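Peer 1: okay, sequence plus prediction incoming.
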Amino acid sequence: MPQYLISTYLPDDFDPSVVTEATVEAIHALNREMVAAGVRKFACGLSPKAVTVRSHSNGQVVITDGPYLESKEFVGGLSILETDSLDEAMAWVRKGAGVFPGVVEVREIFFNPAPAEN
């Protein structure tokens, strides 16, 4: 069954202190519903702070603060859903779209298992 990465993007100036108890409960309710339906494999929120590690062709590794890309949004959370189709994943995304501010991106996960060792 295909799996989908659901990424939620929040504005760069997002203030988590404005998230209400009602919003938090709505998120938990949607997660409970997805778990009960057997489609949610993983979900979490992410900090806007990041550390970037970049390997250069000369072997040097550079570590910097902040996300790799500068943008007006950041990934605020992600979920992995396992559904029969993209249409089913999109139905869950539509259901949650009004729960939290921001933009949601849906991508199918391509999984190529490593060959068995001989």
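Peer 2: That came through fine.

Peer 1: these two touch, right, residue 62 and residue 54?
Peer 2: Yes. Under the criterion of CB atoms under 8 Å, residue 62 makes contact with residue 54 at 4.9 Å. Heads up, the C-betas are built off the backbone N, CA and C, glycines and all.

Peer 1: low-confidence ranges, this structure, go.
Peer 2: Where the chain drops to pLDDT under 70, the residues are 66-71, 101, 118.

Peer 1: quick one: the strands in it?
Peer 2: For the chain, strands defined by DSSP state E occupy the ranges 3-11, 40-45, 51-55, 61-65, 73-82, 103-109.

Peer 1: and the contacts of the fifth one?
Peer 2: Among residues not part of strand 73-82, those counted as contacts by CB atoms under 8 Å, 6 or more residues apart in numbering are 1-12, 14, 34, 38-46, 48, 67, 89, 92, 102-103, 109.

Peer 1: measure the spatially most central residue of the chain to residue 21 for me?
Peer 2: Central residue of the chain (CA atoms, centre = their mean): residue 78, 1.7 Å from the mean position. Look at residue 78 and residue 21: by CB to CB, to the nearest Å, they are 23 Å apart.

Peer 1: then residue 55?
Peer 2: Applying CB to CB to residue 55 and residue 21 gives a distance of 43 Å.

Peer 1: restricting to C-alpha, output the longest helix anywhere in the chain in CSV.
Peer 2: The single longest helix within the chain, with elements called by DSSP state H, is helix 21-37. Extracted in CSV, the C-alpha atoms of helix 21-37 (Å, rounded to 0.1, in the frame of the first residue of the first chain):
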residue,chain,number,x,y,z
GLU,A,21,-6.3,24.5,23.4
ALA,A,22,-9.2,23.9,20.9
THR,A,23,-6.7,23.7,18.0
VAL,A,24,-4.5,21.3,19.9
GLU,A,25,-7.5,19.1,20.7
ALA,A,26,-8.7,19.2,17.1
ILE,A,27,-5.2,18.0,16.0
HIS,A,28,-5.3,15.2,18.5
ALA,A,29,-8.8,14.2,17.5
LEU,A,30,-7.8,14.0,13.8
ASN,A,31,-4.7,11.9,14.8
ARG,A,32,-6.9,9.6,16.9
GLU,A,33,-9.3,9.2,13.9
MET,A,34,-6.4,8.4,11.5
VAL,A,35,-4.9,5.9,14.0
ALA,A,36,-8.3,4.2,14.4
ALA,A,37,-8.7,4.0,10.6
